[in-house]
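Show me how the following folds:
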Amino acid sequence: FASRTFMSKKRILVTAGLFALLVLAAWLQVREWKRFDWGVFVKYTRDARRPELAVALGLIYTDYFLRAVRWKIFLRPVRRVPAARLTAPTIIGFTGTALLGRAGEIVRPYLIARREGLSFASQMAVWTVERVLDTAAAFFLFALALLFAPDVQVLPHYDRFRLAGFVLVFILLAVGVGLLLLRRNSAGVAAWVERVFSRIAPPLAHQAAQRAKAFGEGLHTIHDLASLFQIAGLSLLIWMVIAAAYFEVLRAYSLPGVTVGRALVLMGSAMVGSILQLPAVGGGTQLATIGVLHFILGADPEVATSCGIMLWLVTFMLVTPVGLILAHRERISFREATRIAAQEEEKDVGD
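A predicted model of the protein is given here:
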């Protein structure tokens with residue numbers, strides 16, 4: 001109970017801090033755009049080309065199938081499951097995330113565990129490994145664009161971009177070493193984490209150690225070298241498809257100087273902004289995207305705002321119509337699934 005109370009207070013403080021940052025960022029942006037013309041904003045939104053937007057949406061739905069293929073490879077050591085069977089839970093899971101924010105992210109592992117008769121803990125381990133691989137793949141492509149894309153090197157403040165690229169490479173190498181250590185000795189790493197955290201935040205020590213151990217065990221779902229290359233390749237392909245969707249949305253607005261390299265920079269910036277998401281509200285991704293479109297890529301405020309909102313809709317929110325239909329067909333309540341999954345997660349951590 002004490003641990004749960006501590007986590008609740010921590011969550012409230014983190015949310016309040018994120019809210020303050022988002023309000024400050026929004027205020028600075030509004031202050032910069034004193035002459036924002038809503039009529040121009042509506043015009044650009046209405047005139048966005050539909051064929052490119054349709055292609056972008058098709059790419060995002062293709063991405064959900066690729067994620068199902070990757071999950072199939074994770075399951076291969078314990079269960080042979082067709083990727084088509086995992087596609088519906090994937091779409092429903094991302095719908096849960098769109099509707100419920102962070103709380104909805106555990107819907108997908110819960111649904112897959114229930115459908116395939118597997119333990120929830122095992123699928124949470126797969127989900128955690130998947131999240132790390134997604135972040136690594138997205139930032140790897142982001143770093144490549146920052147360091148090597150000629151069209152990015154002519155952007156304002158490129159020296160800062162270049163430094164950010166080197167920092168990202170260093171972080172990715174450090175994460176790679178950490179993952180290798182976790183896979184080889186998850187129990188030893190978990191014990192070290194518990195010792196360190198017990199001095200800083202005793203209520204979190206055991207929980208952090210359990211998560212580290214579970215994550216290390218989750219890495220064993222990559223059971224051989226061939227699976228590692230397949231999963232790594234799919235992770236890069238997934239984010240290349242998302243970058244292509246960003247590129248198509250930019251083309252829909254006829255923005256000057258639209259290139260794949262700049263689409264990658266925009267996607268990477270959105271990933272950084274997602275760190276400042278508010279639970280079930282968001283905000284960080286949109287602010288980061290609009291800010292880069294305006295301040296870095298030179299789009300007018302009205303175009304940047306319209307394009308940023310459209311990117312959010314296409315890449316994040318427009319999964320919901322299909323997801324809701326699939327959830328209704330399978331008689332799934334998102335809030336109930338989230339509640340049960342959260343209880344299962346808490347029980348696994350407590351054990």
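
who are the neighbours of the helix or strand encompassing residue 212, in terms of helices and strands?
Under the criterion of DSSP states H and E, residue 212 resides in helix 202-218. Secondary-structure packing of helix 202-218 (3 or more CB pairs under 8 Å, 6 or more residues apart in numbering; DSSP states H and E): helix 2-32, helix 120-148, helix 158-184, helix 186-200, helix 334-350. Yep, even glycine has a C-beta here, placed from its N, CA and C like the rest.

And the third one, what's buried?
Looking back up the chat, that one is helix 158-184. 161, 164, 165, 168, 169, 172, 179, 182, 183 (16 or more other CB atoms under 10 Å).

For those, could you give me CSV that also reports distance to residue 312 and pLDDT?
Listed next are the buried residues of helix 158-184 as CSV, based on distance: CB to CB, whole Å; pLDDT from 0 to 100:
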residue, distance to residue 312, pLDDT
161, 23, 82
164, 23, 87
165, 25, 89
168, 23, 89
169, 28, 90
172, 26, 90
179, 30, 82
182, 33, 80
183, 35, 79
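
What distance do you get for residue 205 to residue 327?
38 Å (CB to CB, to the nearest Å).

What separation is there between residue 291 and residue 297?
10 Å.

and those two? which has more neighbours close in?
residue 297 (21 against 18; other CB atoms under 10 Å).

Sketch out the low-pLDDT regions of this structure for me.
Low-confidence segments of the chain (pLDDT under 70): 1-36, 275-284, 345-351.

Next, the buried residues of stretch 72-80.
Neighbour-count burial for stretch 72-80 [16+ other CB under 10 Å]: 72, 73, 74, 75, 76.

can you check stretch 81-98 too?
81, 83, 86-98.

wait, which of the buried residues of helix 158-184 is closest to residue 248?
residue 161 (23.3 Å; CB to CB).

Distance of the nearest residue to the closest one once chain neighbours are set aside relative to residue 267?
With CB to CB, 6 or more residues apart in numbering as the criterion, residue 161 has its nearest non-adjacent residue at 4.8 Å, and that residue is residue 146. Per CB to CB, residue 146 is found 12 Å from residue 267.

Could you do residue 78 as well?
33 Å.

now swap in residue 219 and tell me
Taken as CB to CB, the span from residue 219 to residue 267 is 26 Å.

So for those two, which sits in the more crowded spot?
A side-by-side neighbour count of residue 219 and residue 267, using other CB under 10 Å, places residue 267 first with 25 against 20.

Just the element for the more buried one, please.
Per DSSP H and E: helix 260-273 holds residue 267.

again, but for residue 257
Using DSSP H and E, no helix or strand contains residue 257.

again with residue 108
helix 107-116.

So which residues lie in contact with that helix, not counting its own?
Contacts to helix 107-116, defined as CB atoms under 8 Å, 6 or more residues apart in numbering, come from residues 71, 75, 79, 81, 85-86, 89-90, 92-94, 96-97, 100, 118-120, 122-124, 126-127, 332, 334, 337-338, 340-341, 344.

Thought residue 293 was touching residue 304, still the case?
Yes. Using CB atoms under 8 Å, residue 304 is in contact with residue 293, at 3.7 Å.

Return the set of buried residues in the very next helix or strand once past the helix holding residue 212.
The helix or strand immediately downstream of helix 202-218 is helix 225-252, counting by DSSP H and E. Residues of helix 225-252 classed as buried by neighbour count (16+ other CB under 10 Å): 230-232, 234-240, 242-252.

that older thread, and the residue nearest to residue 161, how far from residue 286?
Taken as CB to CB, the span from residue 146 to residue 286 is 22 Å.

can you check residue 253 too?
For residue 253, the distance to residue 286 - CB to CB - is 16 Å.

repeat for residue 242
From residue 242 to residue 286 the distance is 16 Å (CB to CB).

ok, now residue 274?
In terms of CB to CB, residue 274 sits 10 Å off from residue 286.

now swap in residue 158 and tell me
25 Å.

still on that earlier bit, so which of residue 205 and residue 327 has more stuff around it?
residue 327 (24 against 18).

returning to what we had before: what's the angle from the helix holding residue 267 to helix 120-148?
130 degrees (axes from the mean of the first three to the mean of the last three CA atoms, to 10 degrees).

List of residues touching helix 260-273?
Outside helix 260-273, the residues touching it (CB under 8 Å, 6+ apart) are 135, 138-139, 141-142, 144-146, 149-152, 155, 161, 239, 242-244, 246-247, 250, 284-289, 291-293, 296-297, 311.

Quick check: residue 299 is in a helix.
No. Read with DSSP: H, G, I helix; E, B strand; the rest coil, residue 299 is coil and lies in no helix.

by how many degrees do the helix holding residue 108 and helix 120-148 diverge?
Using the same axes, to 10 degrees: helix 107-116 against helix 120-148 is 140 degrees.

Next, the buried residues of helix 107-116.
107, 108, 109, 110, 111, 112, 113, 114, 116.

Apart from its neighbours in sequence, what residue is nearest residue 253?
residue 307 (5.0 Å).

Assess the claim that that neighbour and residue 251 are in contact.
No. Contact criterion CB under 8 Å: residue 307 and residue 251 do not qualify, at 10.6 Å.
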